[in-house]
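Colleague: quick one: sequence plus predicted model below, questions after.
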Amino acid sequence: MAKSKKEKAQEAVEETVETVTEETAAEETEAAAEPSELELAEKAAKEANDKYLRLAAEYDNFRKRTAKEKESIYGDAQAKTIEAFLTLYDNLERAVANPSTDENYKKGVELIFNQLCETLAKLKVEILDPKGEGFDPNFHNAVMHEENEDYGENTVSEVFQKGAKLGDRVIRPAMVKVAN
């Protein structure tokens, strides 16, 4: 039986489709073995983007760390300066406490002491006078111990040198005697 032109054309199309399918499969296999230029470009772009993101994060961390160090340096310098003036505070406090025959001299020392106290208060320095309070090693330096029934357990009975605090930071712990 003779095949019609239509059947012959359909067979030819099917053979062509099979050939093209085989060729396409072979090309895809080759393409899978070797990455295309597009894939290489995408990979390079992803790597460049990753490097950029890492560099941006590193810069942000550097900026934050530098700002924190800058703030810390200011606090350290302020604390050291105030600590230097605490010796002056101690000496003026002793001078005010000592009796003097010259009233003008005593009044002058008191005025200077009060002015120093006001200046320290403006700088937000708190003088620690812990007599009668409970002993706290974060704020007090115990240099002596005594047994005294007038005070409770671990209570500061005497202050040899007042401490100082700037905000939450202890500049100088108070030197104290602890009872019981």
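Modeller: Nice, I can see it.

Colleague: could you find the closest non-adjacent residue to residue 130?
Modeller: residue 156 (4.7 Å; C-beta to C-beta, 6 or more residues apart in numbering). Placement of C-beta: from N, CA and C, glycine included.

Colleague: report the secondary structure state of that neighbour.
Modeller: strand (DSSP: H, G, I helix; E, B strand; the rest coil).

Colleague: can you give me the distance of the residue most central in space within the chain to residue 74?
Modeller: Of all residues in the chain, the one closest to the mean position by C-alpha atoms, centre = their mean is residue 68, 6.1 Å from it. To residue 74, residue 68 is 11 Å away according to C-beta to C-beta, to the nearest Å.

Colleague: what sits closest to residue 106 if chain neighbours are left out?
Modeller: Closest to residue 106 by C-beta to C-beta, 6+ apart is residue 100, at 4.2 Å.

Colleague: how many neighbours does that neighbour have?
Modeller: Residue 100 has 12 neighbouring residues, counting by other C-beta atoms under 10 Å.

Colleague: now it, what's its secondary structure?
Modeller: Classified using three-state DSSP, residue 100 is coil.

Colleague: quick check: the gap between it and residue 109.
Modeller: Distance, residue 100 to residue 109, by C-beta to C-beta: 8 Å.

Colleague: before we move on, what about residue 147?
Modeller: 37 Å.

Colleague: with neighbour numbers in mind, choose between the two.
Modeller: Just comparing residue 147 and residue 109: by other C-beta under 10 Å the higher neighbour count belongs to residue 109, 19 against 7.

Colleague: touching, the more buried one and residue 98? I think so.
Modeller: No - the criterion here is C-beta atoms under 8 Å, and residue 109 misses it with residue 98 at 9.1 Å.

Colleague: what residues does stretch 122-142 touch?
Modeller: Under the criterion C-beta atoms under 8 Å, 6 or more residues apart in numbering, residues 78, 82, 89, 117, 120, 151-152, 154-159, 162-167, 170-171, 173-178 lie in contact with stretch 122-142.
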